[in-house]
Structure formats: structure tokens, C-alpha cells
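Undergrad: Let me see the structure of the following:
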Amino acid sequence: MLKNLFTVYNPFRYATVLVYMLQNTEYQVSPYFAWYWRTQNFARVMYRRQLIPTKAARLLRLALLTGMLCEIALGIGLIWYGVAFATTSDLFFGLAALVASPVVWAHLVTVPLLLGRWFVMWPHNLMQIRRSDKIFQNHPGVKIAVAGSYGKTSMKELLKTVLGEGKKVAATPANKNVAISHAQFAASLDGDEDVLIIEYGESKPGDIARFAKATHPTHGFITGLAPAHLDHYRTVERAAHDIFSLADFVAPAQLYTNGDSQLMQHYIDGTPGVQVYDASGALGWKVSKLELSPSVTSFKLAKGKHSLQLTSGLLGRHQVGPLSIAAALALELGLTDEQVIAGIAKARPFEHRMQPYQLGGAWIIDDTYNGNLEGIRAGTRLLAGVEAKRKLYVTPGLVDQGRQTKPVHLEVGELIAAAQPDMVVLMQNSVTKYIQEGLAKGEYAGEVYVEADPLHFYTNLEHFVAAGDVVLMQNDWTDNYA
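TA: Here you go, the predicted model:
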């Protein structure tokens, strides 16, 4: 309690914490306040991560800190005046200013600052987006939109790597996938690129259509459908309708959909002419001789007498479909066999997405950026299929599941149980009990360990593993979720 109070009444630390909370809720007022009022110990808010010192964050922190220091100075001045001249009202108002300072600057000042920032940034962003519309519309290259509930960044990076072997390719960076990110990407283009790859990050109804109208795609990928962003979409059906609106902007023959995604089958059937890729192949190319390991995926891809032997650092059966369509599309766009084979070989997991590394003789598969049920389905299937002395599965569960939180996590528990790891490590939070129920329903007989301090576990992982182990770590639970 004392440490918490010290943090609240330490203006330098407290201002940083407030801006960190704003930054991690993407400067949205409602999620920020929900987190603020739920927080019982501000000393632990930045326990796992630190504030990213962007220009906006620095300016906001300076404004908050300046206001707090001014109010503290005013309070001290009034208290001094009240004591010196025996004026009760000044003493009272001075104490009130000191006591109320954290609440005032977390609420009465934060909101106007955010609204002011929004009113300043909104016209500027709108102008950038309108300018980018013309850039995309007039660009002569192939423009590939990548949408879906999961797997977008991995697909984008895979296409960029493979097509980059024979084409000049530009792609939106990292997971920058909203309208202003697309506009900034457009401004960075030279204009002579052969291929543009644009990731669409849907979060609410209408997003995909809005992105497509502004970026004018010629080709599209729908990487999968899963319960995600249900706080805004409410149902998977509404999310699917939004994602599949990409079909209104791309010709069916140039819209590629992931047939391995179970929830997508109904929508694929309802969109005639779309191209389906899955673990059996893509665009008439067939997969055979598939081999999986904790470090590589290899298979033969053939169409008639034409065949390629492909090996990639992307892990799991769920990556075979994306690898197949990337290779097939590259060949359609004029790349040679040698270029395709080289590009597939260079493909590596994007950071924290089925990313393998070795630790003390154990294989660690870091899939902590994953945040959806289909990713868990793919991960547990991979864990079940690899050989290991001992298998460990680590997860905190999934966020943003809305009304589906309990059923989704019951299924998570059952999926883990079906993979039969030797140990399951759960991070203590609001969904842990549902995963445990799912494990029990799946008749899991292994060891279950619940970790109250995730940072302690991840930073001391070497003490939990031994040579010959395979450890799959899926999902992250950021500080703004209970």
C-alpha cells in the first residue's frame, strides 16, 4: 500500500505510468479509465514493459508532469500561507490540492489533452489518407491486401521474402496495419515497385472496406477466421462479414483464402470463384512428402511433371498452405524455380510468431504474439506431432474474447489436453479457471502449474527446462487486462 501511495504521489513516476497506460490502450479514453480504476498498485503497472518514448508520449508526459508540479507547488504555497497567517481555508485548500493532484491530472486533465491531441491529429491524418488514396490508385504495381483474424503479418512477411527474390517489393512495416499506417507507407514509396503488400488490421465493422477503398488492391489474402476483437464485433459472424468484404474489391481469381481455417468454410463456399490454399497445396500445386520438426518444415510441391523441393524455417502443418500459395503465386508472377526455392528457404518466423530458439538443449517455440483460438489449435497440433523428451505448454489465455471468453477458454483447455504435454504452465488471471475446467473436461493427466508472476517465469525459463524438452509458449497478456 505504501509503495502504491509513493508511486501515486511521485509526480515523475506517476506521469510516466499514466502515459504508459494511455500508450498501451492506444490513447483511447474508455479502455484507459477502465484500466486506471481497476489498478490497485501503480508501482506494478510498468513491471513487465517500459514506456516507448515517442514524440506524442514525451509531450503528454511533459504536460502532465508540469501540471502536477504546478498543483503541488500551489498546494505547498497555500499550506504555508495558511500556517503562517492562521487561515483555515488556505490550509484546507492547500491540503486538498496536494491530495487531489493525482486524480485531477489522471482525469480532468488527461481527457482534454487527449481530445486536444485528437482534434490536432485528426485533420492531419485525414489529409494524409486522402493523399495516399491517389498514390495507391495510380501505382502501377501489383497491390496485395492481407486480411484475416490471424496470420496477417506472417503472410505479409512470407510474400515479401519470396517475391523479393525476383521483384522489387515494398510492404507495410511490422504490424502497422491501420489507415494512417497505410498512408505513411504510401508516402514512403518510390513509385517503381513491382509489388506492394498492405496488411489490414480490422478491429471494428467497416474497417476492411474502408482500407480497401483507400488502397485499391489488385490481389487479396484472407488468412483465417477466429474469435478476435469481439469487444467491438460482438460475434464471429460480424467479423467474418467484415473480413470477407475484401471480395467486393478484388476479383475472385485473385482472392486467396485459407482453407485450413475451419470457421472460414461457410464464407468460402458463399464467395464463388475464390482461390483456396491449404496444407494439400494451392493453385493446382500439390503437397507431398511433408516433414515437420521443431526447427524446419519441408515438403515437395508439384504440378504435373513440374516439382520443387521446399524447406522453410516456418514451423507447423498450418504453414504448409501459406508456403504453397506464396510459391505458386511467385511462379505465376514470373519468378524462377530457383528464386522460389531460395525465397522459401529464407522465410523465417516473424518475431514471437512460432519463432524457435534453443535454450540449454531445449527447443523453445515462441508464439507469444499469437492471440486467437486458431493459433492455439495450430500450436497444440504442432506440439502433439513433434518428438521430445518432455513437452511443456505455456499460456496466459486469450484477450478480447467478449461474451465468448468462457467457451473459448474451455476449448483452449481441451485443445491443450488433446496435445498431451507433460506439463501445462498457466499465468494467473481472469481466464485461468476456464482453461483449468477445459483441461479437466479433456481428462488431462499431466502436471498443471499456475504462475502468479509471469515476468519471473519468462526471465527464469532456463530453470524450468532441460535438454530434449520442447516448450511452446503461446499468447501474451498485456498489463491493461485483468
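Undergrad: How confident was the prediction at residue 114?
TA: pLDDT recorded at residue 114 is 64.
Undergrad: lowest average confidence, helix or strand, in this structure?
TA: Using mean pLDDT, DSSP states H and E, helix 2-8 stands out as the lowest-scoring helix or strand of the chain, at a mean of 49.
Undergrad: Could you look up the next helix or strand downstream of it?
TA: helix 11-24 (DSSP states H and E).
Undergrad: what packs against the helix or strand following that following helix?
TA: Following helix 11-24 in sequence order, the next helix or strand is helix 29-38 (DSSP H and E). When contacts are defined as 3 or more CB pairs under 8 Å, 6 or more residues apart in numbering; DSSP states H and E, helix 29-38 packs onto helix 11-24, helix 110-138. (C-beta placed from N, C-alpha, C; glycine too.)
Undergrad: Could you tell me the least trusted of the ones you listed?
TA: Looking at those, the bottom one is helix 110-138 with a mean of 75.
Undergrad: isn't residue 354 right up against residue 316?
TA: Yes: using CB atoms under 8 Å, residue 354 is in contact with residue 316, at 6.2 Å.
Undergrad: and the two? which has more neighbours close in?
TA: residue 354 (26 against 21; other CB atoms under 10 Å).
Undergrad: Now do the contacts for that one.
TA: Neighbouring residues of residue 354 by CB atoms under 8 Å, 6 or more residues apart in numbering: 154, 314-316, 319, 365-367, 370, 379, 382.
Undergrad: Keep only those of these that are in helices.
TA: 154, 379, 382 (DSSP state H).
Undergrad: Find the nearest non-adjacent residue to the second one, please.
TA: If I follow you right, that is residue 379. residue 474 (5.0 Å; CB to CB, 6 or more residues apart in numbering).
Undergrad: Show me where the stretch 201-350 of the chain has its helices.
TA: 207-215, 230-233, 236-243, 265-269, 320-332, 337-346 (DSSP state H, counting those that start in this stretch).
Undergrad: buried residues in stretch 202-219?
TA: 202-203, 205, 207-208, 210-212, 214-219 (16 or more other CB atoms under 10 Å).
Undergrad: Same check on stretch 134-144?
TA: So for stretch 134-144, counting by 16+ other CB under 10 Å, buried means 135-136, 139, 141-144.
Undergrad: what's around the residue nearest to residue 379, how many residues?
TA: With other CB under 10 Å as criterion, residue 474 counts 27.
Undergrad: for it, what are its contacts?
TA: 367-368, 370, 375-376, 379, 393-395.
Undergrad: again with residue 165
TA: 330, 335, 339-340, 342-343, 346.
Undergrad: Can you classify it by secondary structure?
TA: Secondary structure for residue 165, judged by DSSP: H, G, I helix; E, B strand; the rest coil, is coil.
Undergrad: what's the longest helix in the protein?
TA: The chain, longest helix under DSSP H: helix 55-85.
Undergrad: Show me what that one is packed up against.
TA: helix 11-24, helix 88-103, helix 110-138.
Undergrad: Just to check, residue 396 is in contact with residue 458?
TA: No: assessed by CB under 8 Å, residue 396 is found out of contact with residue 458, at 10.6 Å.
Undergrad: Need the contact partners of stretch 366-381.
TA: 149-151, 224-228, 261-263, 316-318, 350-357, 365, 393, 395, 398-400, 408, 411-412, 415-416, 418-419, 472-476.
Undergrad: what's the span of that stretch from first residue to last?
TA: The first residue of stretch 366-381 is 15 Å away from its last residue (CA to CA, to the nearest Å).
Undergrad: go on, stretch 243-258?
TA: 13 Å.
Undergrad: in that stretch, what's buried?
TA: 243-247, 249-250, 254-258.
Undergrad: That one: how far from the chain's middle?
TA: Relative to the centre of its chain, stretch 243-258 is centred 23 Å away, using CA atoms, centre = their mean, to the nearest Å.
Undergrad: beta partners for the residue nearest to residue 379?
TA: When bridges are called by DSSP bridges, residue 474 pairs up with residue 367.
Undergrad: ok, now how distant is it from residue 296?
TA: To residue 296, residue 474 is 20 Å away according to CB to CB, to the nearest Å.
Undergrad: coming back round to it: if we take the contacts of residue 354, which one ends up nearest to residue 442?
TA: Within these, the smallest distance to residue 442 is 15.5 Å, found for residue 379 (CB to CB).
Undergrad: Distance check, the closest one against residue 390.
TA: 17 Å.
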